[in-house]
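Student: Here's my sequence, what's the structure:
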Amino acid sequence: MNKFSMTCSCGEVMTMDAENREEAVGKFKAMMTAEIIEKHMAEKHAGQPVMSVTDCHAMIDKEVVAVA
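Tutor: The predicted structure follows:
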């Protein structure tokens, strides 16, 4: 198993164990539901509009990297 991470614009780093980047991206997307996005935005991005699932998933596609 390999480690992958992504960093939110708020600075929060999330990590995921996966066989490869594609699997990690899929796991992050499955984890980041509308409810979780709303909760994260309320806690870490107070006052900002809630990011859509589509925008969040696009960010995941771009931001996931392997952890050395």
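Student: Would you mind measuring from Arg30 to Val53?
Tutor: Careful, residue 30 is Ala and not Arg. Using CB to CB, to the nearest Å, Ala30 is found at 11 Å from Val53. Quick note: C-beta positions are derived from backbone N, CA and C, even for glycine.
Student: who's more crowded, those two?
Tutor: Val53 (14 against 8; other CB atoms under 10 Å).
Student: Most remote residue from the middle of this protein, which is it?
Tutor: Gly47 (19.7 Å; CA atoms, centre = their mean).
Student: what about the closest residue in space to Met14 that isn't next to it in sequence, which SS state?
Tutor: Closest residue in space to Met14, ignoring its immediate chain neighbours: Met6 at 5.6 Å, by CB to CB, 6 or more residues apart in numbering. Each residue gets one of three states, and Met6 gets strand by DSSP: H, G, I helix; E, B strand; the rest coil.
Student: tell me the contacts of Val13?
Tutor: Ser5, Met6, Thr7 (CB atoms under 8 Å, 6 or more residues apart in numbering).
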